[in-house]
Each structure stands twice: as C-alpha cells, then as structure tokens.
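**Student:** sequence plus predicted model, see below.
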Amino acid sequence: MYISRFLVLLSMLVATATVLAEHEADHRYTIEGSVLDANNQPLANTDVSVSLGNETLKFTKTDDQGFYNMRLHLHDADWGKQLRIKAGADEATIEVEFKRGDTHTPRIHYANFVGGKLVEKSLTGFRMPVWAYVGGAILVFVGTGIVADRVRRKNLREKRREQKQQSKKSKKKKKH
C-alpha cells in the first residue's frame, strides 16, 4: 500500500517536471550556483544575470540560501560561446560547454561566486544544508524499520493462523 502511494506520487512529480520543461532537452542549458561571501555565508536576494554580448539572456535573484537557477535556450551552435555572468557586484565569463548532439544528458553549468571569485563546480550534491542530509538519512532509516516491522508482524500473524489451522486439523483427526 505504501509502495503504491509512493509510486503514484513519484509519477505525479515526473509528469509535473515534464510539463514544466521550457525547451527540448538538447536546447536547454541550465546555469546554477550559489552566491556566498568570503565566509561561505549565503547572500540572499542578490541579483544574478547572464548576458551574451550586449543582450541579457536571463535575470533572477538568489533565494535565502544564496542559490539561483536559470534555464537558457541554447543550441549546439552556441557551444563555445562566452557568457557574462553577474552576481551582485561580481562578474565572470563562462564558456558554454556540453557534448554536442547529446539530446539526453542534462546541460548544467555550475557557476558559484564564493567571496567574489567564480567556482565552476557543484558545491553540494542537492543544495541542502547538512542537517537535511542527516534528517533525511534518519527518516529513511526509521521508515525502513517501520516497513520491516510491519512485514515481520504480518508474517507472524500468517504463521500463527497456519499453526491454528493445523492444530484444528490434528484435533479433528484425533476425534475420528
């Protein structure tokens, strides 16, 4: 029952993500990252923009954790072009990179500003604070324990039922 509910929820999330896609996968180019100060503290509500030449392609603001995400519409012909990214007072140039012709692999460019310097790599796997990873692990552990306990109890009930049925059968045989 729990597994079927989980599968329904998962399929709804996948369907929603599919509907929200702005472009074909081979035209989508995501730039994401965090804007942090010199002490690695997030800078919330910071303006972030990406430009190609004199044209601003996207503009957004960071969230409370200093994170931003922008989806651009780029094609294989845009490979190697120089994009200008601004985060608050900081600026840097990034090069459009992806495997041309690949229509399946997500095209994600990590562009973080840490103490004013560009860092082009993912800073965290899922952009969650450490307590969320620990909390998630605890929830998985507890959830697995609950499911295992329910399965164990169900098996025990079935075993007891079988024992009662066999006991009744043996009592009937003794009477005859």
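**Tutor:** All right, it came through fine.

**Student:** name the residues of the longest strand anywhere in the chain that are buried.
**Tutor:** As assigned by DSSP state E, the longest strand anywhere in the chain is strand 28-36. For strand 28-36, a neighbour-count test (16 or more other CB atoms under 10 Å) marks Arg28, Tyr29, Ile31, Glu32, Gly33, Ser34, Val35, Leu36 as buried. To be clear about C-beta, it is placed using only N, CA and C from the backbone, and glycine gets the same treatment.

**Student:** quick check: chain neighbours aside, which residue is closest to the last one?
**Tutor:** The spatial neighbour of Leu36 that comes closest, neighbours along the chain excluded (CB to CB, 6 or more residues apart in numbering), is Val114 at 4.8 Å.

**Student:** where does the prediction get shaky in the protein?
**Tutor:** 1-27, 124-143, 171-176 (pLDDT under 70).

**Student:** how about the contacts made by Gly88?
**Tutor:** The neighbours of Gly88, taking CB atoms under 8 Å, 6 or more residues apart in numbering as the test, are Val35, Leu43, Thr46, Asp47, Val48, Phe113.

**Student:** ok, 6 Å please
**Tutor:** Going by CB atoms under 6 Å, 6 or more residues apart in numbering, Gly88 touches Thr46.

**Student:** dump the C-alpha coordinates for whatever helix or strand comes next after the longest strand of the chain into PDB.
**Tutor:** Using DSSP states H and E, the helix or strand that follows strand 28-36 towards the C-terminus is strand 47-52. Below are the C-alpha coordinates for strand 47-52, written out as PDB (Å, rounded to 0.1, in the frame of the first residue of the first chain):
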ATOM      1  CA  ASP A  47      20.700  40.000  -8.500                       C
ATOM      2  CA  VAL A  48      22.100  37.400 -10.900                       C
ATOM      3  CA  SER A  49      22.100  37.900 -14.700                       C
ATOM      4  CA  VAL A  50      23.600  36.200 -17.800                       C
ATOM      5  CA  SER A  51      24.400  38.000 -21.000                       C
ATOM      6  CA  LEU A  52      25.700  37.100 -24.400                       C
END
